[in-house]
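In: sharing a model that was predicted from the sequence below.
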Amino acid sequence: MKVLDSTNIGFVFAAILLTVSNVNAACSGDLSVTSQHDMDSIRGCKTYGGNIVIDSSAASDIQMNGVELLEGDLVVKNNDLLQSIGLPKLQGINGRLKFANNKLLSSIDVKQLYAIRSLEVSVHPALNELKFVTGLSQAEKIVITDTTCTKIDGFKMTTTKEIEISNNIYLKNLSFGNLTTVGTILVSANSPSLKVDLSNINGLREGAFRNVASVSLGSLQKVAGDISFISNSFESLDLPQTTDIIGTLTLTENLNLNNLSMPRLAHLGGALSIVGNTKLSSINAFPSLQQVDGTLDLTGNFDEVQLPELVDVRGGLNVQTSSNTFSCDAMDTLKKGVIKGNSFVCKSAVAKPKSGIRGVTGKGGFGSGDSSESGAVSLYQSGILASLAAVFAYMVNI
């Protein structure tokens, strides 16, 4: 039996195949696996309905042969001796694919997998590579933390709800080149040489980038919440298409940053916080910025601030620089109807400029947001009627 390789149909086939497979009771129900023998009990199932958990197994290698579609979670955790796991036929999971705390695991074979609900990989000190050969084209959540991966490859999704890539200290390249929209993304504490490709993203809810060498956001138009860049090593940050950030824009302690450009940004729904970027000698990145709904908070070693179109700041102003050549004259003109908040501080030649925003510490994260799955729509629920003809043709050939 062959599952058609069609990302447009997605999980439609999984739903239909599950109803066929449910005739066989051996292909449904939660399964606890501690040995290859346990896993072999479902090798005759091309679709399996239920959760599969591999926990505290003494096996060094486990292969899930036969299963192509899983309706449920696959969880692999706390297997101290497990070195390799193979899912050679698996193409879709309507649930989680979770690997946690498998200390010797160095090989994960997912050569045909292209659609899952979520991927979670955490605490794998021997895992040097994670590769989706076919290309992972559907996933709502991607979390990869605390691995020794030098390569993570094969992400082909165009949209996803959540991405976290953190504490993978050997990871130097990360590409989500097909991604156009994403909910939240956190990239933090990986290799300091990490280059992040998000060049096709046009919409983002919240983003936090820390300790990266470069980040490509050339198509980003709108951020529905906060976005922060903290303790990165890049020299230049360019967001040429971004027009609106509904939350706060934070740039903190990017010590090599000397070129910042956001030429189309017109509105900030939160604060503008630029703090401790010591090589940024001029804050002139915002020629179109008209409105800031929060505080204007600028501290560092800059010689000038240019905000030529700014007409409305609904919070206060805090501008402090260690430069001896900076003049507060341009800032003083903003007192006349532009700054609506009660706080107004402008100082030059300050030994230790201080942010006026409480809690600016350089940690670079964001709130967890709504992570509830209770309202999630099954990946099976879209496109079924449109695909009936293909499904019937497929079933005839079973």
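Out: Done, it's in. No experiment lies behind these values; they were computed from the predicted model shown.

In: any idea what the residue nearest to the spatial centre of the chain is bridged to?
Out: Centroid-nearest residue in the chain, with C-alpha atoms, centre = their mean: residue 163, separated by 2.3 Å. Following DSSP bridges, residue 163 is listed with bridge partners residue 142, residue 185.

In: residue contacts, it?
Out: The contact partners of residue 163, taken as C-beta atoms under 8 Å, 6 or more residues apart in numbering, are 141, 142, 143, 176, 182, 184, 185, 186, 187. To be clear about C-beta, it is placed using only N, CA and C from the backbone, and glycine gets the same treatment.

In: tell me which residues are up against stretch 25-44.
Out: By C-beta under 8 Å, 6+ apart, stretch 25-44 touches 21-22, 24, 45, 47-59, 61-67, 72.

In: so how do I select the buried members of the residues you listed in ChimeraX?
Out: With 16 or more other C-beta atoms under 10 Å as the criterion, this ChimeraX line picks the buried residues out of these:
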select :21,45,47,48,49,50,51,52,53,54,57,59,62,63,64,66,67,72
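
In: coming back round to it: got the contacts of residue 163 as TSV, with distance to residue 271 and pLDDT columns?
Out: Output for the contacts of residue 163, formatted as TSV (distance: C-beta to C-beta, whole Å; pLDDT from 0 to 100):
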residue	distance to residue 271	pLDDT
141	29	98
142	29	98
143	28	98
176	28	95
182	23	97
184	19	98
185	20	98
186	20	98
187	22	98
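
In: how about a markdown table for those, with distance to residue 358 and neighbour count added?
Out: Putting those into a markdown table (distance: C-beta to C-beta, whole Å; neighbours: other C-beta atoms under 10 Å) gives the following:
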| residue | distance to residue 358 | neighbour count |
| --- | --- | --- |
| 141 | 31 | 19 |
| 142 | 32 | 23 |
| 143 | 30 | 16 |
| 176 | 33 | 23 |
| 182 | 29 | 23 |
| 184 | 23 | 24 |
| 185 | 25 | 24 |
| 186 | 22 | 21 |
| 187 | 25 | 24 |
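
In: mind checking the SS state of residue 331?
Out: helix (DSSP: H, G, I helix; E, B strand; the rest coil).

In: let's have the contacts of residue 163 in TSV, adding distance to residue 228.
Out: Formatted as TSV, the contacts of residue 163 follow (distance: C-beta to C-beta, whole Å):
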residue	distance to residue 228
141	21
142	20
143	19
176	18
182	15
184	12
185	11
186	10
187	11
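
In: ok, the residues you listed vs residue 197, which is closest?
Out: Proximity of the contacts of residue 163 to residue 197 was ranked by C-beta to C-beta; the top entry is residue 176 with 6.6 Å.

In: nearest residue to residue 340 in space, ignoring adjacent ones along the chain?
Out: The shortest distance from residue 340 to any residue other than its chain neighbours is 4.8 Å, reached at residue 314 (C-beta to C-beta, 6 or more residues apart in numbering).
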